[in-house]
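Enquirer: Sequence and predicted structure, then a few things I'm wondering about:
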Amino acid sequence: MFGALFDGLLSILTVHHLAFALLGCVLGMLVGVLPGFGPAAAVSLLIPVTFGLDATTAIITLAAILYGAAYGGTTTAVLLRIPGEASSVATTLDGYAMAKRGRAGPALVIAALASFVGGMVGVVGFVLVAPFSRLALEFGAPELTLVAVLGMALITAFAGSSPGKALVSVGLGVLVASVGIDQGQGLQRFTFGLPELFAGIGLVPVVMGAFGLSEILSQVARANGAPVAPLEVGRLMPTRTDLRRSAAPFARGSVIGFFMGLLPGSPGAATSLASYALEKKVSRRRGEFGRGAVEGVAGPEAANNSLAISSMIPLFTLGIPTSATVAIMAGAFTINGLVPGPLLFRDNPDVAWGIIASLIVGNVILLVLNIPLARVWVSLLRIPFPYLMGLIMVFLVLGTYSINGTTFDVFVMVAAGALGYVMSLAAVPLTPFVLALILVPMIEDNFQRALALSRGDYAVFTDGPISSTLLGLIALAVLATVARPLVSRALARVLARRADRSQGEPPAGPEAPSGDDDGPVPPAPTAPATHDPAPAAVVDPTRTDTHTDTRTDTRTATRTTTKESIR
């Protein structure tokens, strides 16, 4: 497997591939620096850049855009306290604190090193897991149908706290994916007689609108008040102490990010915050967290980039996208005539291993570029917001029009943008919507093919151990979707009952004042002299002299009792 990786590395070490990997990294960082534009928006915005390229070069460029955007979100998190993407939320906690202390440069360098280490750990894990894709070569049309259904069930189960909204998103995706001519029977579906809809609604205009245009609309709605000026970068290089303290967080964050990336729908924000919580728990300097602890930057950033790499493993091995960003990558595979999944390693091994090898090259490029370009991104952040959003809007329209050279695609992009904006206002996740656009045609084609091969016998979907295992996993995913809100409600009831009990129980002794109430604090009642004196609680200096007298009487009683016991 490492030999195949070496061959893939040799295949991409050409001027052509390196130039587009460099272009993808710079463009990804450029869009990632813009507050709110994460990897999903970056990839959807920049898909038109890959038009006209061969399949390998196009996917290498998009992969570079993906983890370039993961890098770029750190800059605004450190300099503006605005995460460029959701996974950079944890970095703002200590990265911005370091910047306020004049250490923005070391914070950015540590983040770059952490991202590089996390990316390399993700690539090594990718290489170790890739050979298992051969097991999926035994899948036929029935198994591929169940795999696609499993992908939708999993992404729905992990789509958020409201499974109902996730199902609404899936339903909208199924509706959009159903437009066109049924390939099995040749019947028109929801075309309304428009020739532009006979081939279905294009994936790229929908993705660019749902993620790109909707994000612009959200940014405009949130843009109130004067923009915050970024802090200065200052001295760049970290100290030896910074590097020594960051070594263990690099490793722990990379491992956390790698395994979290394998889970369907695993959010980057939860992964980076989990790494941050772990670092705070194991650190001997817990008091520094939130005030500029370098571990609070190193761990989350390593987890962030490791997750960006490992989240592509299910796509390459099983053909299942696990996030919105990877779903857009799956659409890019389809656009370029590639089938993501185990067939990719069988039919196009040079492409598969070339893309994996490009992840190494891209991480090296980003490590070299991230520090010198930090001051360039600071200058970019000073561009007036209306001009910046207008420039992105122009790029969206031109990119969409260039797909087929028709204004119909622009209308589709605008409609998808409006739909995406309404879904964001209603807190309906976009990931299941995009996933349905990609997986529904896969389900339909393989379902019809399986029934044609079995002459209409539905038992073909239950025969064999592979089908039985997949059906069991689908059932577990559906149960998880149904049980998740029930478990959350039951847990909330238990916590509420415990809170009521604790409020209903009488206090065990005199209670110290909170200090938030206005006016004098009434003295606590003195215990009878016959009782054994209780240990003194924390005394508030604002209490009246009655408390002092009571404490003095208690001490006197204690001394008297001690003397009598000695006698």
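Expert: Happy to help now that I have it. Since this is a predicted model, take the numbers as computed values, not measurements. Numbering: from 1, shown residues only.
Enquirer: what packs against the host helix or strand of residue 296?
Expert: Assigned by DSSP states H and E, residue 296 belongs to helix 295-310. Other helices and strands packing on helix 295-310, by 3 or more Cβ pairs under 8 Å, 6 or more residues apart in numbering; DSSP states H and E, are helix 55-79, helix 89-100, helix 104-129, helix 240-261, helix 268-282. The way it works is simple: take the backbone N, C-alpha and C, and place the C-beta from them, glycine included.
Enquirer: So which of these has the densest surroundings on average?
Expert: Across the helices and strands packed on helix 295-310, the average number of neighbours (mean count of other Cβ atoms under 10 Å) peaks for helix 55-79, which reaches a mean of 28.
Enquirer: And it, what does it pack against?
Expert: If you count contacts as 3+ Cβ pairs under 8 Å, 6+ apart, helix 55-79 packs onto helix 15-33, helix 39-46, helix 89-100, helix 104-129, helix 295-310, helix 324-335, helix 349-370, helix 374-381.
Enquirer: about what we covered before: report the buried residues of the helix holding residue 296.
Expert: Buried residues in helix 295-310, defined by neighbour count with 16 or more other Cβ atoms under 10 Å: 295-310.
Enquirer: how near is residue 294 to residue 101?
Expert: Distance, residue 294 to residue 101, by Cβ to Cβ, to the nearest Å: 11 Å.
Enquirer: Could you tell me which residues make contact with residue 313?
Expert: If you count contacts by Cβ atoms under 8 Å, 6 or more residues apart in numbering, residue 313 has them with 125, 126, 129, 130, 261, 262.
Enquirer: So the nearest residue to residue 144 once chain neighbours are set aside versus residue 141, what's the distance?
Expert: Excluding the flanking residues, the one nearest residue 144 by Cβ to Cβ, 6 or more residues apart in numbering is residue 446, at 4.5 Å. Counting by Cβ to Cβ, the gap from residue 446 to residue 141 is 5 Å.
Enquirer: Kindly report the same for residue 461.
Expert: Distance, residue 461 to residue 141, by Cβ to Cβ: 10 Å.
Enquirer: any common contacting residues for these two?
Expert: Common contact partners of residue 461 and residue 141 (Cβ under 8 Å, 6+ apart): residue 450.
Enquirer: For burial, what's the neighbour tally of residue 315?
Expert: The number of residues packed near residue 315 is 21, by other Cβ atoms under 10 Å.
Enquirer: could I have the strand or helix carrying it exported to PDB, CA atoms only?
Expert: Using DSSP H and E, residue 315 falls within helix 313-318. Extracted in PDB, the C-alpha atoms of helix 313-318 (Å, rounded to 0.1, in the frame of the first residue of the first chain):
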ATOM      1  CA  ILE A 313     -12.100   7.900   3.800                       C
ATOM      2  CA  PRO A 314     -15.700   6.600   3.700                       C
ATOM      3  CA  LEU A 315     -16.200   8.300   0.400                       C
ATOM      4  CA  PHE A 316     -13.100   6.600  -1.100                       C
ATOM      5  CA  THR A 317     -13.800   3.200   0.400                       C
ATOM      6  CA  LEU A 318     -17.600   2.900   0.400                       C
END
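Enquirer: Leaving out sequence neighbours, find the closest residue to residue 397.
Expert: In this structure, residue 397 finds its nearest non-sequential neighbour in residue 410, 5.9 Å apart by Cβ to Cβ, 6+ apart.
Enquirer: List the residue ranges of the stretch 1-150 of the chain that fall below the pLDDT cut-off.
Expert: Scanning the stretch 1-150 of the chain with the threshold set as pLDDT under 70 gives 1-2, 35-38, 80-87, 132-138.
Enquirer: try 80
Expert: 1-9, 11, 30-52, 55, 66-90, 129-140, 144, 147-148 (pLDDT under 80).
Enquirer: cool, and the stretch 451-567 of the chain?
Expert: Applying pLDDT under 80 to the stretch 451-567 of the chain picks out residues 464, 466, 477-478, 480-567.
Enquirer: Swap in 50 and give it another go.
Expert: Under the criterion pLDDT under 50, the flagged ranges of the stretch 451-567 of the chain are 507-567.
Enquirer: circling back to that earlier point, quick one, the helix holding residue 296 and helix 240-261 angle?
Expert: Using axes from the mean of the first three to the mean of the last three Cα atoms, to 10 degrees, the direction of helix 295-310 lies 40 degrees away from that of helix 240-261.
Enquirer: Give me the distance from helix 295-310 to the chain's centre.
Expert: Offset of helix 295-310 from its chain centre (Cα atoms, centre = their mean, to the nearest Å): 11 Å.
Enquirer: Ok, stretch 181-191 next?
Expert: When C-alpha coordinates are averaged (Cα atoms, centre = their mean), stretch 181-191 and its chain have centres 36 Å apart.
Enquirer: likewise stretch 441-450?
Expert: Centre-to-centre, stretch 441-450 and its host chain are 30 Å apart (Cα atoms, centre = their mean).
Enquirer: Likewise for stretch 404-413?
Expert: Centre-to-centre, stretch 404-413 and its host chain are 30 Å apart (Cα atoms, centre = their mean).
Enquirer: Export that stretch to PDB, keeping only CA atoms.
Expert: Provided in PDB are the C-alpha atoms of stretch 404-413 (Å, rounded to 0.1, in the frame of the first residue of the first chain):
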ATOM      1  CA  ASN A 404     -23.500  25.000 -19.600                       C
ATOM      2  CA  GLY A 405     -23.600  28.600 -20.900                       C
ATOM      3  CA  THR A 406     -27.300  29.000 -20.100                       C
ATOM      4  CA  THR A 407     -29.100  31.500 -17.800                       C
ATOM      5  CA  PHE A 408     -31.300  28.700 -16.600                       C
ATOM      6  CA  ASP A 409     -28.500  27.400 -14.400                       C
ATOM      7  CA  VAL A 410     -28.200  30.900 -12.900                       C
ATOM      8  CA  PHE A 411     -31.900  30.900 -12.000                       C
ATOM      9  CA  VAL A 412     -31.400  27.400 -10.400                       C
ATOM     10  CA  MET A 413     -28.500  28.800  -8.400                       C
END
